[in-house]
Each structure stands twice: as C-alpha cells, then as structure tokens.
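Peer 1: need a structure here:
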Amino acid sequence: MSNIIKFKSKSDIAVEFLEMVIEEIKEGKLDNVLIACKDKANKNVLTGYCNLDEGEKHELIGHLQVDTIRDMINRNFIDQWEENNMKIKNVKLKWNVLCHDTNSDDIINYNIFWDGSSKEIADRIKKNKITNYNDFKNSMKSMFMHDFWSRTEYEILVSGLFTKAGNIKIDVWRQIEMNFDRVLEYIIKEMDINFKGEK
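Peer 2: All right, here's what the predicted structure looks like:
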C-alpha cells in the first residue's frame, strides 16, 4: 500500500519530512521511493527514485500520477509518461454477436465494433487516465451498456427448439456480458495495450 503526502505550503515542513525520509532510506526502513517536484525557475520536472527497477518505477508513477503528480507538476510529465508507456495501436476490431437485421428480417452475425472503435477506446483511455485493467473494464462496461443495453433494435428472442418453455429476450449487451473478460482480452491484445495489474 502506498502513502501519498502532499505539501501545498510550509516548505520547512517539506524539508523536515524529506530529511526524515532520507534517514529512513539509509537505515533500510524504506524502499520503492519516488520524489517528484517542479523547478520554479524553469518549470522543469525533477524526479528521484530509490531502489526501483523499470517495472516498479512505471507502476509507482502510474499510481501517483492521478493522486499527486497532477497536483504537483505540469501536465507535460503525465503526457510524456503516457506517450512512452501507453502506445496503442489503431486497428480494426471484430467481435460478432447475434442481432436482428431489419432490412433482411434475418438473424445475422453483428460486429459490436465499428471502424472508429479502436480510436474511441484509445481516446477513453487517455482522457480518463486509465492505467490499470480494472478501470479499463469499468470504462468498457459503461461504453457497451450505453450502446447496447435494453435497446429494442439490439434485442432478439431465444428459445429451445424442442421445448415448451417461453422465449427469453436478450440484448447485445447480455451477449457481450457473458464473455466480457474474453472481449477485453481481445481488445487489449489487438490494440497492444499494456496495463499494470492486468488480469
């Protein structure tokens, strides 16, 4: 678990805290330390790391960027981090479900993605600063439910061929929901998305 400490004023308190942190590091009581600050004169971002390999460094930066770094430094640092660590491919996605085609009056294979879907997904990731699988999952659930949940044009009736049981109405979202984790794995693989805390 990470503890996040912010200093909006009282630089002497910050100095005292940093001196304490340095002593704790020397004594081996602290590990995985990230310090980020902004130079007032030229507005350059200064960062310091202690005992972090590359993976741990990116994970810690990703954890802090929402809670701390956005408040401490300008957005250039966050944008640069995203550019280096979240390169997303713009590809054509395809995942078929069953849907009623009103033109042919047939049940057809319907692709839940459109030509601009990968760009829309990439934009959602960047706009909402999504850096982990769980946040991505929640965002995609919101997107799919908005597009396909309880909308008449995406509903069909399902029943057994040799049964007296009544028909069951299902929509496209329900078909996605049954395989939701597989759909997300497909998106992540095809778009080459690298999340921390992937399932």
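Peer 1: Identify all contacting residues around whichever helix or strand residue 142 is part of.
Peer 2: Taking DSSP states H and E as the definition, residue 142 sits inside helix 133-148. Contact with helix 133-148 is made by 112, 120-121, 124-125, 128, 130, 154, 171-173, 176, 180-181, 183-184, 187-188, 193, 195, 197-199, as judged by CB atoms under 8 Å, 6 or more residues apart in numbering. Where you see a C-beta, it was placed from the backbone N, CA and C, and this is true even at glycine.
Peer 1: Can you give me the domain assignment for this protein?
Peer 2: 11-85, 96-191 (automatic domain parsing).
Peer 1: tell me, which of those domains is the model least confident about?
Peer 2: When those are compared on average pLDDT, domain 11-85 comes out lowest at a mean of 58.
Peer 1: give me phi/psi at residue 151?
Peer 2: Dihedral pair for residue 151: phi -110, psi 120, per degrees, to the nearest 10.
Peer 1: what sits against it?
Peer 2: 171-172.
Peer 1: where's it relative to residue 173, distance?
Peer 2: Per CB to CB, to the nearest Å, residue 151 is found 9 Å from residue 173.
Peer 1: ok, now residue 154?
Peer 2: Distance of residue 154 to residue 173, given as CB to CB: 8 Å.
Peer 1: With residue 163 instead?
Peer 2: The value you get for residue 163 to residue 173, if CB to CB is used, is 25 Å.
Peer 1: repeat for residue 123
Peer 2: Residue 123 sits 21 Å away from residue 173, going by CB to CB.
Peer 1: Of all the residues in whichever helix or strand residue 110 is part of, which ones are buried?
Peer 2: Using DSSP H and E, residue 110 falls within strand 106-111. Of all the residues in strand 106-111, those buried under the rule 16 or more other CB atoms under 10 Å are residue 110.
Peer 1: which outside residues touch it?
Peer 2: 94-101, 156, 172.
Peer 1: For residue 137, grab the count of nearby residues.
Peer 2: 16 (other CB atoms under 10 Å).
Peer 1: where do the helices sit along this protein?
Peer 2: 11-26, 54-64, 70-72, 75-85, 117-127, 133-148, 172-178, 180-191 (DSSP state H).
Peer 1: Please say which of residue 163 and residue 173 ends up with more neighbours.
Peer 2: residue 173 (22 against 7).
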